[in-house]
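# For reference, the sequence and a predicted model appear below.
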Amino acid sequence: MAKEGGSRILSSRMQADDFLNAHHILKDTVAMGPSVVCLAFAVELYIKDVYFALKLKPPRSHKILRLYDDLPEDIKQKIFTHRSLQQIPWSTLTSLIIPQEPQSDYDIFVRELGAISDGFEKWRYSYEGGSLKYQTWLAMAFIEAVKVVAQSVREERAE
């Protein structure tokens, strides 16, 4: 049983790497849709890898925000405070059109994560029409943070 779980974890990480590599190959060669689908699925698989590192069963969902929200608080903070996300000037992402109450960087991060949360589901059916956008810059920064946190969790548990 442990072997099966271990291979599933390795398979999940390898698949995430494969989908991220596919995104990099496709982003400059084909229409945006296939590239975004690969990137969005990679984000999902990488965040599920954090669950595997924590020895938790990931929720059955494609929604990135739900997967993030269901993580333990200390893990969410480690992800948010990773350098790849901290270098983003979150306060510049507030709406210039709709006046808003001042928001913390974390609140803006969560809002932006929500904006890419269902990218995998929406972009698979992009041919059905509608205006779609996807913040690849956020997905890439989030992936970097999530990968580092998953690895640090594994290292901490190995000690």
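On my side now, so go ahead.

# ranges for the helices of this structure?
Using DSSP state H, the helices of the chain run over 2-26, 32-53, 64-69, 73-80, 83-86, 105-116, 119-124, 136-158.

# between those, which gets nearest to Leu93?
Leu93 lies closest, by CB to CB, to one member of these: helix 105-116, at 5.5 Å. Backbone N, C-alpha and C define where each C-beta goes, glycine included.

# that older thread, out of the helices of the chain, which is the most enclosed?
helix 32-53 (a mean of 23; mean count of other CB atoms under 10 Å).

# Could you point out which residue ranges in the chain have low pLDDT?
1-10, 30-31, 94-100, 123-132 (pLDDT under 70).

# Make a markdown table from the helices of the chain and add distance to Thr92 to it.
Putting the helices of the chain into a markdown table (distance: least, CB to CB, whole Å) gives the following:
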| stretch | distance to Thr92 |
| --- | --- |
| helix 2-26 | 25 |
| helix 32-53 | 22 |
| helix 64-69 | 21 |
| helix 73-80 | 17 |
| helix 83-86 | 14 |
| helix 105-116 | 9 |
| helix 119-124 | 22 |
| helix 136-158 | 13 |
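
# Report the central residue of this protein.
Nearest residue to the geometric centre of the chain (CA atoms, centre = their mean): Val43, 3.6 Å.

# check contacts around that residue.
Contacts of Val43 were listed using CB atoms under 8 Å, 6 or more residues apart in numbering, and they are 64, 116, 119-120, 139, 142-143, 146.

# residues in contact with stretch 101-121?
Residues contacting stretch 101-121 (CB under 8 Å, 6+ apart): 36-37, 39-41, 43-44, 62-66, 68, 80, 85, 88, 90-91, 93-94, 134-135, 138-139, 142.
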